[in-house]
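> return atomic coordinates for the entry below.
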Amino acid sequence: MALDIAQIKRLKDLTGVGLTDAKMALEASGGDFDKALKEMRAKGLTKAEKRGERQASAGIIGSYNHDNRIGVLVEVNCETDFVARNEIFTTMVKDVAMQIAASNPEFVNREQVPQARINAIEDEFKKKAEGEGKPKDMIDKIVAGQVEKYFAERCLLSQPFIKNPEQTVGDYVKEHNARLGENIVVRRFSRLALGEVED
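Residues are numbered from 1 along each chain as shown. As a prediction, this is how the structure comes out:
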């Protein structure tokens, strides 16, 4: 079976393994990229994810200003000052800041969402589903899907990346984790828009 070299390289970048391992994983999955990635993660072969256990206390606070109307500050951490000064890393931080300016997320990831907010959104969608007369045995499943979609749109790392909507921001960061050989963590951000009033 002929494999697409671009797919092999992408799998290599996302997982931090060698080209041969990435090729073998794609062959084993019959050329199905998502299946190959899932299998490698299930087997714990993803070096990038193993790096996630390492301490990331260096890094930079990046910024982005759009037309003097939207300003963003974002803290992205890595393990060493050497990587923090690397052009690949600083470009990635700028891209993340641009994403925040464009997509206006509320949280970095799902773990940051307060449980009270999740409960309130679940109740809201449940009442709506009941009001629309959805089948009782399907309501929980419908609500779970709606809640997942709602927070995926509001959490930075699960948003489609503006420069490549085929991947999430989280996958984009993981690619750099593998590429730079360090744990990279988007810690926090702040976004200001001209004339916007906080609740």
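> what residues sit buried inside the helix or strand Gln7 falls within?
Here Gln7 sits within helix 5-15, counting by DSSP states H and E. Neighbour-count burial for helix 5-15, counted by 16 or more other CB atoms under 10 Å, picks out Gln7, Ile8, Arg10, Leu11, Lys12, Asp13, Leu14, Thr15. (C-beta placed from N, C-alpha, C; glycine too.)
> report the next helix or strand after that helix in sequence order.
Moving toward the C-terminus from helix 5-15, the next element (DSSP H and E) is helix 19-28.
> run through who's touching the lengthiest helix in the chain.
Criterion DSSP state H: the longest helix present in the chain is helix 136-154. Helix 136-154 is contacted from outside by 105-107, 110, 113, 118, 121-122, 125-126, 129-130, 134, 158-159, using CB atoms under 8 Å, 6 or more residues apart in numbering.
> hmm, which of the buried residues of helix 5-15 is lowest in pLDDT?
Sorting the buried residues of helix 5-15 by pLDDT puts Thr15 at the bottom of the list (67).
> give me the buried subset of the contacts of helix 136-154.
Buried among these by 16+ other CB under 10 Å: Pro105, Phe107, Val113, Ile121, Glu122, Phe125, Lys126, Ala129, Ser158, Gln159.
> what residue of the protein is the furthest out?
Taking CA atoms, centre = their mean, the residue of the chain most remote from its mean C-alpha position is Gly133, at 34.9 Å.
> nice, that's everything, thank you.
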